[in-house]
Each structure stands twice: as C-alpha cells, then as structure tokens.
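Engineer: no sequence on this one, just coordinates:
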C-alpha cells in the first residue's frame, strides 16, 4: 500500500501533459556549475529551441547534482520516468563521468559487492525503498560501490529505463580541462610512507621547471623523461610537464597525446576528470544501443587551439565556462533536431545566454569567484600547481573587474597571487585560509580584512589588490554580496 501511495504522489507531482520533456542526468557540470541551473546546458538547449519543440512547450527536469555518481542519478531519473506519460515526447540527456573513481573489480570488498547486488535485485523494484535508501546514503555520506561493473550497470539502466518510458536517451562523452590544470599526484604532507613527501616532489621537479622558465624546453623534457623510470607514482605530473614542453616547442599533436596520458595515469584526488577509457566505453555503449551520441571531447577539441582543451573553454579543472556549455548544448540540440526533424530555432552567444539565464554582472562575478576558489581548494597540498594558481588568479581578476565591491574576489585574488609567487600550497595556514573562504559568505569578521591584507603584503601581493581588499572589506557586512 505504501508503494502505491508513493507512486500516486509522484504521478501528481511530476507527470506533465502536452509538453516536450528534457531530462538531464549527471553531476556538477550538468547542474551548471559555476553558474547554476538557470545556465546549465539543458536550459541552453531549451533556449536554442525557443522553449518549444514538436509543437509543445519544453519542460526541463535537470537532475544534475554536484558530487553525484551515476548510481544516485539513475535512482532520481527512474523515479520520474516511472510516472511520466509515455505518449508525450521526451529526451534524456546523459553527461556523467568525472566523479566515477573506479575501484578495480578484483579489489571489490565482498560485503560491498553483496550490498550492491542486493540493491539491484530487491530495492530497485520499489521506488519507495530505493528513494529511502538513496536518502540515507546521501545524508550519511556513504557512497557505496564505485567500480566499473556498477557504473556500467547504472548507465545501461538509465538507457533502458528511458526507452521503456518513451523517452529518447542521448549519451555524451565527458571532457575536462586537458591542458591547463595539472593532474592530481600521490604525495603525503610529511615523510610517512607509502608515498613520497610533497616537499620532496617539489624539489625533484624544480630543476625542470627552472629550465622551462628559461625557455629550455628540450632539456626540461629530457629531464622529466629520465625521471619517469624511477618515479612511477609521479607519472601523471611528469607526463603533464612533458606535454607542456612539447607544447612550447610547437609539437602540438604529441603534446595533446601526452596530456591525455597524464589524465589517464591520474589517480584519485581532490577532483576527477573522465579518462580515455571511460569515453571509449561511452562511445561503445551508444553504438551498442544505437542511440545518439554527442562526442563532447571531439567538439571541444575542434574549438580549442591545436586541439588541446584548456582554459579557453573551461572554468576550472572540469567545469566548462559559458562558451564551453554553449558548445555542449549545441551538440545535444543537433541530436534532438535530427531525431525529431525540427531545426534549431536560434543560435546563442554568451551574452544571450547570460541575459536569458538572469545572470547579471554580479552573478557572473560570483561564478568566476567560485571557479577561482575551486582551483585554490584543489591546490591544497599539491607539490606543483602553478597552472591552477595562474588560472585562479585570472578568474579572480575578472570577477573583481565585474564587481569591484566583491571582497571574496579580492581576497581570493590575493591568495592566488601569494600562492603563485611563494609556493604556499604546502603551508597549513594557506589551507586554512582557502577552506575558510570557500565556505564563507564573503563577509569578513571585524578586523580580518586588514589582518589578511597585512599578511598578503608580506607575501608580495600587488598593492592594487591589497587596496581592493581593504576597500571592499571595510564596507558594512550587511552590504557585502554573498
């Protein structure tokens, strides 16, 4: 009886009449970070069709959720698909893969494997039970099993459930910042095993970095290549530096290849990027089910200098900027256009998208500040994060230019500048400052703005940045922007 009542509630809440429904599943990029849901790519697709498709108004159901893997997304989608009107046209846009930190299948714990099997065999047959389970897992922080077998199961489940509900699934490969943000690397804060200390990694890389700064990329490349044999745990970072050297020499095809090898060798860290193997799998699964595929990797590469996806299209390490989201949205829109024999109604530029999403200068500044803070946060404890700092600095500069009264932008700019110049990421005080500002509302306690400005002055931060900090930070707290 409880299941029947729950389904009746879901039907009343979610069922649409006389509408073209766009469902979207994924993680923070589907959600629309750093801009928010109003500028997410499903909404941009809606704008491209001027809010009507197949003679019906478009209704977007964006299920994207920061931090999600495919498992909770499949549960959220099934809840809505089970009660939709199959006679109404719909698509399911699938863009997920950055958060899948796979265990090797042979290493799966017995209990975890058994728990996963129980969920598949019993709980997924009940919407109420599966929703209660996912609520428990989200609130407890328990993420469950995250190996490839589980990911494959949930991707197939999303595709098959979409078809059964009368919706067309459209799958996409997943792209991150390939050439502009260093890979994660396994090192430890002190000298404890099992990995090398982060300080020793910095020392190991410094001779090569000096050569790069001096324009001697060939010698730096040879040095990094020589280090690979004896430092396999540092392969992602060494290959990234090799790629940077090749890029400096104008050997762009080889550089792109090495950038991808760096990502493919990357282990778990503060953020994830979809690897070549995952994108190859997504292409195979689209072919197996004969469903439309948006090759986001190929699209972004075709719009990037020398085919190396970097800071031009990405806000940070794996979230696109508005230009990137427009490219992704157009890829999905073209597949919808082919499937429903309806041309895309209009093209959008960045200003169109910002205006229609309701994002003015202060909202755009906040998004840039969030990107900068994301980059600083994922740099804590990293032995060589100059690319992250440089990109963060540019994001904060742009934010402060858009909203000169944003104290969070000015303080972030000071932290990024100090980190880039002084190598602060291994300093615990830097970590504390970044964490405080990531989770703050941008309103400094009394006296903190002056104290932080004084410290940043000692770190060599530009006087103009310090002036901006003090000007924004001394305004009354109630007038500061969140």
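Structural biologist: Ah, there it is. Note that the structure is a prediction, hence the values are computed from the model and not measured.
Engineer: mind listing the strands for the stretch 51-200 of the chain?
Structural biologist: Shown for the stretch 51-200 of the chain, the strands assigned by DSSP state E, counting those that start in this stretch span residues 52-53, 56-62, 90-95, 168-172.
Engineer: out of these, nearest to residue 471?
Structural biologist: Residue 471 sits nearest to strand 56-62 of all those, at 37.7 Å, using C-beta to C-beta. C-beta here means a position set from N, CA and C on the backbone, and glycine is covered the same way.
Engineer: and the angle for the closest one with strand 90-95?
Structural biologist: Angle, strand 56-62 to strand 90-95, by axes from the mean of the first three to the mean of the last three C-alpha atoms, to 10 degrees: 30 degrees.
Engineer: Contacts for strand 56-62 next, please.
Structural biologist: Under the criterion C-beta atoms under 8 Å, 6 or more residues apart in numbering, residues 14, 16, 18-24, 30-32, 37, 40, 42-43, 46, 49, 51-52, 80, 88-89 lie in contact with strand 56-62.
Engineer: ok, back up a step: so which of the strands of the stretch 51-200 of the chain is the most surrounded?
Structural biologist: With neighbours defined as mean count of other C-beta atoms under 10 Å, these peak in mean count at strand 90-95, which reaches a mean of 27.
Engineer: who does it touch, helix- and strand-wise?
Structural biologist: If contacts are counted by 3 or more C-beta pairs under 8 Å, 6 or more residues apart in numbering; DSSP states H and E, strand 90-95 sits against strand 20-26, helix 28-31, helix 41-48, helix 148-164, strand 168-172, helix 322-340.
Engineer: Let me see the mean pLDDT of whichever helix or strand residue 209 is part of.
Structural biologist: Here residue 209 sits within helix 198-213, counting by DSSP states H and E. Confidence over helix 198-213, taken as the mean pLDDT, stands at 92.
Engineer: angle of whichever helix or strand comes after it against helix 198-213?
Structural biologist: Heading C-terminal from helix 198-213, the first helix or strand you meet, by DSSP H and E, is helix 217-228. Following the same axes, to 10 degrees, one obtains 150 degrees for the angle between helix 217-228 and helix 198-213.
Engineer: Tell me who's in contact with the nearest residue to residue 356 once chain neighbours are set aside.
Structural biologist: Taking C-beta to C-beta, 6 or more residues apart in numbering as the measure, residue 356 lies nearest to residue 47, with 5.5 Å between them; neighbours along the chain are not counted. Taking C-beta under 8 Å, 6+ apart as the definition of contact, the neighbours of residue 47 are 346, 348, 352-353, 356.
Engineer: Report the buried members of the residues you listed.
Structural biologist: 348, 353, 356 (16 or more other C-beta atoms under 10 Å).
Engineer: Neighbours of residue 135, how many?
Structural biologist: Burial measure for residue 135: 12 neighbouring residues, criterion other C-beta atoms under 10 Å.
Engineer: Got the domain ranges for this protein?
Structural biologist: Taking automatic domain parsing as the criterion, the chain consists of the domains 2-177+274-356, 198-265, 361-479.
Engineer: Ok, which of those domains comes nearest residue 187?
Structural biologist: With C-beta to C-beta, the closest approach to residue 187 among these belongs to domain 198-265: 4.1 Å.
Engineer: ok so, going back, how much distance is there from the helix holding residue 209 to the middle of the chain?
Structural biologist: Relative to its parent chain, helix 198-213 has a centroid offset of 28 Å by C-alpha atoms, centre = their mean, to the nearest Å.
Engineer: Give me the buried positions along that helix.
Structural biologist: Residues of helix 198-213 classed as buried by neighbour count (16+ other C-beta under 10 Å): 198-199, 201-202, 204-205, 208-209, 211-212.
Engineer: Show me the shaky parts of the stretch 301-450 of the chain.
Structural biologist: Within the stretch 301-450 of the chain, the stretches with pLDDT under 70 are 423-430, 436-446.
Engineer: residues in contact with residue 215?
Structural biologist: Each residue near residue 215 by C-beta under 8 Å, 6+ apart is listed here: residue 248.
Engineer: swap in residue 182?
Structural biologist: Residue 182 makes contact with 237, 240, 382, 384-388, according to C-beta under 8 Å, 6+ apart.
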